[in-house]
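*Asks:* Attaching a predicted model along with its sequence, questions to come.
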Amino acid sequence: MEKIEKIIKKFLTKEIIFYAIFGVLTTIVNLGSFYIFTNILKWEENISNIIAITLAVLFAYITNKDLVFHSEADTKKEKVNEFLKFIAGRAFTMLVEFVGCFLLFMTPIPQMISKCFVTVIVIILNFFISKFFAFKKKKK
């Protein structure tokens, strides 16, 4: 029982809890806008997906920078560098999401199930990219 408690304490940090909360909200932005674009506005799936991902990335940057990873960027150069790293990481996962959805949309799997499956993979990738690449702590 003690080992389980140690594992839970190790993985249930404030950072991970906040990332999960804002990850859920980012996912709601992503899936919600995708749903609106495809089902209400009747836009094409892949265009809707690109716009939904872009909206989610902008929301994620704002929340992750200040509320999750507590950016230590002080100078304008550091802030721009951090933003570019974040965008590069998200561009990579956007490509993963776009390709994954593109492929799954050609299968008989329902659109929203396909989108949700790929989104889970993207969320996990985004955490590691944000923590260890975009918002990594300054060396002391």
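*Replies:* Ah, there it is.
*Asks:* you'd agree residue 60 is up against residue 90?
*Replies:* Yes. With contact defined as CB atoms under 8 Å, residue 60 reaches residue 90; the gap is 7.1 Å. No exception for glycine: its C-beta is placed from N, CA and C like everyone else's.
*Asks:* Can you check which residues contact both of the two?
*Replies:* The contact sets of residue 60 and residue 90 overlap at residue 126 (CB atoms under 8 Å, 6 or more residues apart in numbering).
*Asks:* hmm, who's touching stretch 56-65?
*Replies:* So stretch 56-65 is contacted by 19, 22-23, 25-27, 29-30, 33, 71, 82-83, 86-87, 90, 94, 126, 130, 134-135 (CB under 8 Å, 6+ apart).
*Asks:* Quick one: buried ones out of these?
*Replies:* The neighbour-count criterion (16 or more other CB atoms under 10 Å) marks 19, 22-23, 26-27, 29-30, 33, 71, 82, 86, 90, 94, 126, 130, 134-135 among the contacts of stretch 56-65 as buried.
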